[in-house]
Structure formats: C-alpha cells, structure tokens
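Q: Sequence first, predicted model second:
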Amino acid sequence: MHPTTRVVAFLLAAAIAVVGGFACAQGGASSAVADQPATVIVGGPAPDAGTPALPAVSATALGDPCSLLTAGEVSAALEVAVTAAQPLTSDAGTLGQQLCTWSSTDVPSAYASLSVVATAASRQTDADGGTYTARDLFEDTRAIYTDGVDLADLADLGAPAFRAADGSVVIALVGADGSPQQAELMVSVGGVADPGAVGAHLMASTVAALG
C-alpha cells in the first residue's frame, strides 16, 4: 500500500469514528459537531545524543487510551464540563488503532479524542506483511504535513513533535525503536479558540502519563 494512501485512510477512519462517537454521546441532540476534528499527532525523527530517550510505555496503557487522560484534565483544557471517557473503534484493520473521546453536552462543538497506534497492533493488521511500525506511520504522516512546525516542549519530554501550520495537528512518538510498544499518539480537539495549544497540552499530559 502506498504510504500516502495508508496515512490518509488512517486519518479519515479516525475522524469518522470520532464524529460518530460524539453523535452517540450527544444522544441524538439536534446540535451537530460543527467542525472537523483538529488532529494533534506527535512523532518525529530518532533522537540524537543530546535528546531525551523516547519514553518507555506498557502494552496495558497503550491498549486503553481512556486510562491516559482523566475527564478532569480534559475538562480543564477545554474549559467546559465533559462526559466520561468513551472508547471507540475505528475502521476494523486500520493499523489496530485504539480511540477514546470526551465530549460536552453543554457545548456540543467541544470535544477531545486520543488515538493510539502501536507497532504490535499495526503489524497484525498491516497489508504489507506485518512490517509497518509506529515510526513508519509517523514519518509517512510527517511527509504529508510539509509545513509542520516542531514543538520543543514535547521534544523535551522525549517525544519529538510537530504541529500543522494552522495548529490543527500536532504529532508525538513514544517507545523505543524496534519495540512492539512503540506508538504514535494522536489528539484531536474542537470547539476551542486555540486547538493547537490545547492539543499540545493534552498530548504532554498523555506522554507524562506513559513515562
């Protein structure tokens, strides 16, 4: 599968799953989510000698993204009360992606989601013979965002990161190269004035929870 096709399919599956989850959480409310998820993706090139090592992560934590952020943390970041975490499943076979969402009944456009794709899961579902890794996913995604801006604060946590020029996407990679627990993390937020800042904050909290 061509890398660009793979990444586009992955991002679309995440967006569709997130929007569908919000609709369920809102219980069919008439106010629909007004904007497309602003994706925060964290990842980056291999660290050099002066860069902190990528955080070690556990298979248990990666298998339950809802355990990595609390409703209180999400509510504080979005500045609105949110519902309890809701686990979601994206398109079956999309690199073994795990998703969790938080939404608001008071402000229907406000939400956050966290996606995890670990190398172990992606190898089980990859169409190229089980060789695709979380770093491959990051590097292919990074190539699409040619105007990406590096985020030093997340890099200082050992998770090299970038965001799209408009702030709608940030990207982090955790776990050592060659480890089945290496993973790309993706945070999506909406209904906030500065999605880039909010997403980066939630991503930093997620990386810290894994460390």
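A: Thanks, I have the structure now. Numbering: from 1, shown residues only.
Q: Now do the strands in this structure.
A: 38-42, 86-89, 98-103, 111-118, 149-150, 161-163, 170-174, 183-190 (DSSP state E).
Q: do you know which of these lies nearest residue 135?
A: The minimum distance between residue 135 and the strands of the chain falls on strand 170-174, with 6.2 Å, by Cβ to Cβ. C-beta coordinates here come from the backbone N, C-alpha and C atoms, glycine included.
Q: average pLDDT across the closest one?
A: In this model, strand 170-174 carries a mean pLDDT of 84.
Q: Please apply the same query to stretch 76-86.
A: The pLDDT scores in stretch 76-86 average 94.
Q: What are the contacting residues of that stretch?
A: Around stretch 76-86, the neighbours that count as contacts under Cβ atoms under 8 Å, 6 or more residues apart in numbering are 21, 24-25, 66, 69, 71, 74-75, 100-107, 110-112, 189, 191-192, 198, 201-202.
Q: low-confidence ranges in the chain?
A: Counting by pLDDT under 70, the ranges of the chain that qualify are 1-60, 89-94, 124-129, 211.
Q: all helices of it, in order?
A: Under the criterion DSSP state H, the chain contains helices at 3-25, 59-62, 71-78, 119-125, 134-144, 152-156, 195-210.
Q: burial measure for the residue nearest to residue 85 when sequence neighbours are not counted, as a count.
A: Closest residue in space to residue 85, ignoring its immediate chain neighbours: residue 66 at 3.9 Å, by Cβ to Cβ, 6 or more residues apart in numbering. Residues near residue 66, counting by other Cβ atoms under 10 Å, number 18.
Q: before we move on, what about the one 3 residues further on?
A: Other residues near residue 69 come to 22 when the count uses other Cβ under 10 Å.
Q: State the distance from it to residue 134.
A: Residue 69 is 19 Å from residue 134, where distance means Cβ to Cβ, to the nearest Å.
Q: Can you give me the buried ones in stretch 203-211?
A: Judged by neighbour count (16 or more other Cβ atoms under 10 Å), stretch 203-211 contains these buried residues: 203, 204, 205, 206, 207, 210.
Q: wait, isn't the last one in contact with residue 181?
A: Just to be clear, that refers to residue 210. No. The criterion here is Cβ atoms under 8 Å, and residue 210 misses it with residue 181 at 9.6 Å.
Q: Switch the buried residues of stretch 203-211 over to TSV; also include distance to residue 80.
A: Formatted as TSV, these follow (distance: Cβ to Cβ, whole Å):
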residue	distance to residue 80
203	19
204	20
205	17
206	19
207	23
210	26
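Q: mind listing what's buried in stretch 130-143?
A: By neighbour count with 16+ other Cβ under 10 Å, stretch 130-143 contains the buried residues 132, 133, 134, 135, 136, 137, 138, 139, 140, 141, 142.
Q: now do stretch 80-89
A: Under the neighbour-count criterion of 16+ other Cβ under 10 Å, stretch 80-89 has 80, 82, 83, 85, 86, 88 buried.
Q: Please put the alpha-carbon coordinates of that stretch into CSV.
A: C-alpha atoms of stretch 80-89 as CSV (Å, rounded to 0.1, in the frame of the first residue of the first chain):
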residue,chain,number,x,y,z
VAL,A,80,-16.1,23.1,29.7
ALA,A,81,-17.5,20.1,31.5
VAL,A,82,-17.1,16.8,29.6
THR,A,83,-18.7,13.4,29.8
ALA,A,84,-16.8,10.3,31.0
ALA,A,85,-14.3,8.8,28.5
GLN,A,86,-15.9,6.8,25.7
PRO,A,87,-13.9,4.1,24.0
LEU,A,88,-14.4,3.9,20.2
THR,A,89,-13.3,1.5,17.5
